[in-house]
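*Asks:* Got a predicted model here, sequence first, then my questions.
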Amino acid sequence: MAVDAGRAPAFRLREDELPPELILSIERILDLHAHADTDPLDRLTNDFNPIGVLNDYFPNEAALGQMEAVQARLAENGRALQHEIDSLREELRKDQDPSRMQLIQEMISDLLGQMSRIREKATESEAVVRNITREIQVLDLAKKNLILSMTTLKRLQMLVNMMGQLEDQIKERKYHDIVQSLAAVKQISASFKPYMSVQRISQLWRRVQEIQTELRIMIDADWDKFYVQDPARPIKPSVIADACLVVDVLGQEIRTQFVDRYVALELKEYRRIFRATDEAGQLDNLSRRFAWFRRLLQTHETEQGRVFPAEWKVGWFITAKFIEITRDDMTVLLSKAGSKLTIKQLLDTLQETMEFEASISRKFNTSLRELLKTTTTTNATRPPKPITAAFEPHMGVFIDAKDKVLSDMLAQYRGPKSRSSLEATSASGHSDDDAAPPVLVLPSSTELFYFYAQTLDQCAKLFTGQPLYDLCGLFKKWLRIYAEEVLVASMKKPSAAYTTRKSMDARYDVTELKNACTLINTADYCQTTALELEENIRAKCDDAFKEQITLQEECDLFISAVSAAILVMVRELESACDSALTTLSRTPWATVKHVSGKSAYIEPLVKAIEEVAETVKPLVEQKKYLRNFFDKAANAVLAKFTNSLVKSRPLLETGAEQLLIDLQAIKASLLKIPGEALITSNYTKSVTKHTTRLEALLKVIVTPVDPAEGFILNYTLVIGDASFSNFQKILDLKGTPKATQNDLLDSFLTITSTKSELDSTSFLSSLDMDPGQVATLTSPGSSRVSLLAGGTTGESILAALSPPPLAGAPSSGSETPPKDPSIRREVFSDFKRFVSFGLRRETMPM
């Protein structure tokens, strides 16, 4: 028999509880670990529950017979624990004996004393060993100093001998021997830097520096004689080649100065001939500059250049200096040209420059960037740049030229010409010839992006920095113009065209539908291709501009153009339905005595809807836009049906029954028009939701007003509000006489005043009882409706036409929003209706 744990006392004195830290410490000392099979009596916790332990010992009534055995076992466990506690207490008492503790302390003191004596003896031993080895250390130091002195003196003797030998070689100009001697002298003298305070060594060091200076002056003199090729005193190339090896030994700085001097001599004539102020230095003569340099480079390689070691790469330095001089000249000439610089002149000179730089890269088998980087010194004040860098700031001429080309290209399609251009293209694409394929996109869009691709490739071959980024800005400009002034502008139909229709049976314009389909395909093509263009630009441009490249705003404009074209299609659908729905609004429901199947207007209405759907489905490439159109089309048809229904009041019960049948036919048609390939669950839910709202409205109208209480209760169940004005809308639609309305309104107030769970508004709150002409697109060019916004024609009317859930039924969460208790329920939402109701009550017969 288990004990009920719920009856156990929940109160426990706080002084009986142990701190959690103390419990953990005890468990750690006693090595207690809680496991699933641990005896509950062995666990240390403040949450000990004896009821659970008792239930373990006595799980049922039969277990009570073993109570004495359990008591005996528990008593034995208690005695064993007590014996263990007594043993531990005795052991603790012995360990805490004062005489024992004093003995331990004395032993510790003796141990510390022995350690101190050992430390003292170790110190004495160390001092003895140091005294014994002192003389040995002195001898070792003396030996080391003696060896160092002998080595230094030997090196000094070698340095003196080598310097004497080097001086003799310098007098005889034996450059081949000087190379080795000078290298040996520099290497040996470097080891005497720590002894510069010694006078003799200091003198030798200065003499070494003087010898290097003499060598440099002598080599410069011999080089000048070799360069001018003096026939009186000719110098062999082999002598200068050996002299270059000596320059290598003199150091990198001397070699750099030597090469720079030679490069300046080689390009001295170039500076004189091609001055920017002379005719030869003008932009038109750029090719002459490159031809002159090629001849110079060839002369260098066949004559003077052969004396330089190959690793010096003197040809690289000549080329780098030529590029620097020419780039500076080009910068001056291009700036001087200013507005007179033509696109042809710019591109021609730039093409010549790029071809020259490419030939240099091929000649030296390396990239021009690597060549310039290798020949640039660490103390250079300007970064190395190719000649083409001078053209980059003037690429605005290129951008302006492309801007003019685009302006001329799209002039025949922009603004007022956009409509005629679209109609001409559609007329040629939608001809009577069955073999001719329909126009899927406007040819102007493909021409635009083909030109974009060519221009992008051309610019990317020239520059991938700021000019390419500026070109992207030009692309964005003309994409915006194409979206707004070509696509959207072509949807603006002339005002006179709105009153012209091909026939009374089909008031919509088939050509307008086809034009809208062409525009949808074109805008989608432009949006997709613009995204690809953005990726191509990013792949080609420099890293510094990658994050700034975006065409998202322009893509949004094309999506807006698609939305505007879809609304044009919806407008044509509304026009196609006008004739049938006008018949509905003029139907005298008061004279209808019985229900006889579908009404006469349903067949032309369904036919018009299906004709429009069949017209657009094969002409729109992307299914997502067709789905969007069908969503808007269904909302528009149901909105116009609702307005026509309101205009045709009074409906009476028979009229409402007939409209319910008609509504089912419209619903079936709307669910059929997308076809199996395009219909979605969301579309089905949307149509079903909106038709369900209208069905709820008509079902309330079908309900007889007698008895009044049953009619009002049915209203509260189906409509679900306590709004006086909404209830009066039902009475107006139903055609209830005014006298009967007053009685029903009084009963409505009496009944709803006791139903606090009813809302103050419902879907009827937004139902317009005096609908005018349904707003349609008259200027889609000025409308930018996003496909993702979800707004459609007539949505404001249908959004509220939703039947509330029955009382006590769970809400679906989508049909009726949850009621906010903080919002006060208002029976009279309109002050004028409240006043009129008060006046009616005052004039009612008692």
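*Replies:* Structure received.

*Asks:* drop to CA atoms for contacts and neighbour counts, all remaining ones
*Replies:* Noted.

*Asks:* Surely A241 and F308 touch.
*Replies:* Yes. Counting by Cα atoms under 8 Å, F308 is a contact partner of A241 at 6.1 Å.

*Asks:* The nearest residue to D470 once chain neighbours are set aside: neighbour count?
*Replies:* Nearest residue to D470 in three dimensions, chain neighbours excluded: I399, at 7.4 Å (Cα to Cα, 6 or more residues apart in numbering). Neighbourhood size, I399 [other Cα atoms under 10 Å]: 21.

*Asks:* before we move on, what SS does I399 have?
*Replies:* Secondary structure for I399, judged by DSSP: H, G, I helix; E, B strand; the rest coil, is helix.

*Asks:* Correct me if wrong: it contacts F475.
*Replies:* No. Using Cα under 8 Å, I399 makes no contact with F475, being 10.1 Å away.

*Asks:* on that earlier part again, which residues touch the residue nearest to D470?
*Replies:* Listed by Cα atoms under 8 Å, 6 or more residues apart in numbering, the contact set of I399 reads P467, D470, L471, L474.

*Asks:* Tell me how far it lies from Q282.
*Replies:* Distance of I399 to Q282, given as Cα to Cα, to the nearest Å: 24 Å.

*Asks:* do E709 as well
*Replies:* 103 Å.

*Asks:* again, but for R306
*Replies:* From R306 over to Q282 the distance is 33 Å, taken as Cα to Cα.

*Asks:* between the two, who's got more neighbours?
*Replies:* Comparing R306 with Q282 by other Cα under 10 Å, the one with more neighbours is Q282, at 18 against 15.

*Asks:* Got phi/psi on that one?
*Replies:* Backbone torsions of Q282, given as degrees, to the nearest 10, read phi -80, psi 170.

*Asks:* Quick check: buried residues in whichever strand or helix holds T582?
*Replies:* Using DSSP states H and E, the element containing T582 is helix 552-585. Across helix 552-585, burial judged by 16 or more other Cα atoms under 10 Å covers 554-582, 584-585.

*Asks:* helices or strands next to it in the packing?
*Replies:* Contact analysis of helix 552-585 by 3 or more Cα pairs under 8 Å, 6 or more residues apart in numbering; DSSP states H and E lists helix 466-481, helix 510-540, helix 602-616, helix 623-647 as its packing neighbours.

*Asks:* I'd like these written out as CSV, with mean pLDDT added.
*Replies:* Output for these, formatted as CSV (pLDDT from 0 to 100):
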stretch, mean pLDDT
helix 466-481, 92
helix 510-540, 92
helix 602-616, 91
helix 623-647, 92
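
*Asks:* Tabulate those helices (JSON lines), appending distance to K667 and mean neighbour count.
*Replies:* Shown next, in JSON lines, are the helices and strands packed on helix 552-585 (distance: least, Cα to Cα, whole Å; neighbours: other Cα atoms under 10 Å):
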{"stretch": "helix 466-481", "distance to K667": "40", "mean neighbour count": "20"}
{"stretch": "helix 510-540", "distance to K667": "23", "mean neighbour count": "21"}
{"stretch": "helix 602-616", "distance to K667": "10", "mean neighbour count": "18"}
{"stretch": "helix 623-647", "distance to K667": "9", "mean neighbour count": "22"}
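
*Asks:* Need the ones you listed in TSV (columns: distance to G720).
*Replies:* Formatted as TSV, the helices and strands packed on helix 552-585 follow (distance: least, Cα to Cα, whole Å):
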stretch	distance to G720
helix 466-481	50
helix 510-540	42
helix 602-616	31
helix 623-647	20
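
*Asks:* Show me how far the longest helix seen in the chain is from its chain's centre.
*Replies:* Counting residues, the longest helix found in the chain (DSSP state H) is helix 98-171. Relative to its chain's centre, helix 98-171 lies at 69 Å (Cα atoms, centre = their mean, to the nearest Å).

*Asks:* all strands of the chain, in order?
*Replies:* Shown for the chain, no strands are assigned by DSSP state E.

*Asks:* Below-threshold pLDDT in it: ranges please.
*Replies:* 1-18, 30-47, 230-232, 425-439, 494-507, 772-846 (pLDDT under 70).

*Asks:* Please point out which parts of stretch 285-293 sit buried.
*Replies:* Buried residues in stretch 285-293 (16+ other Cα under 10 Å): L286, R289, F290, F293.

*Asks:* How about stretch 143-163?
*Replies:* By neighbour count on 16+ other Cα under 10 Å, the buried set for stretch 143-163 is R155, L156, M158, L159, M162, M163.

*Asks:* Would you map the helices across the stretch 651-800 of the chain?
*Replies:* Assigned by DSSP state H, counting those that start in this stretch, the helices in the stretch 651-800 of the chain fall at 652-672, 681-702, 708-718, 724-734, 738-752, 795-798.

*Asks:* which one of those lies closest to D543?
*Replies:* helix 681-702 (44.0 Å; Cα to Cα).

*Asks:* how distant is that closest one from the center of its chain?
*Replies:* Distance of helix 681-702 from its chain centroid, counting by Cα atoms, centre = their mean, is 41 Å.

*Asks:* what angle sits between that helix and helix 724-734?
*Replies:* Following axes from the mean of the first three to the mean of the last three Cα atoms, to 10 degrees, one obtains 80 degrees for the angle between helix 681-702 and helix 724-734.

*Asks:* Extract the C-alpha set from helix 681-702 and format it as PDB.
*Replies:* What follows is helix 681-702, C-alpha atoms only, in PDB (Å, rounded to 0.1, in the frame of the first residue of the first chain):
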ATOM      1  CA  SER A 681      -3.300  25.800 -53.400                       C
ATOM      2  CA  ASN A 682      -2.900  29.500 -52.400                       C
ATOM      3  CA  TYR A 683      -5.000  30.600 -55.400                       C
ATOM      4  CA  THR A 684      -7.700  28.000 -54.600                       C
ATOM      5  CA  LYS A 685      -7.700  29.100 -51.000                       C
ATOM      6  CA  SER A 686      -8.000  32.800 -52.000                       C
ATOM      7  CA  VAL A 687     -10.900  32.200 -54.300                       C
ATOM      8  CA  THR A 688     -12.600  30.000 -51.800                       C
ATOM      9  CA  LYS A 689     -12.100  32.500 -49.000                       C
ATOM     10  CA  HIS A 690     -13.600  35.400 -51.000                       C
ATOM     11  CA  THR A 691     -16.500  33.500 -52.300                       C
ATOM     12  CA  THR A 692     -17.200  32.200 -48.800                       C
ATOM     13  CA  ARG A 693     -17.500  35.700 -47.600                       C
ATOM     14  CA  LEU A 694     -20.000  36.600 -50.300                       C
ATOM     15  CA  GLU A 695     -21.900  33.300 -49.500                       C
ATOM     16  CA  ALA A 696     -22.200  34.300 -45.900                       C
ATOM     17  CA  LEU A 697     -23.600  37.700 -46.900                       C
ATOM     18  CA  LEU A 698     -26.200  36.100 -49.200                       C
ATOM     19  CA  LYS A 699     -27.100  33.400 -46.700                       C
ATOM     20  CA  VAL A 700     -28.000  36.100 -44.100                       C
ATOM     21  CA  ILE A 701     -30.200  37.800 -46.700                       C
ATOM     22  CA  VAL A 702     -31.900  34.500 -47.600                       C
END
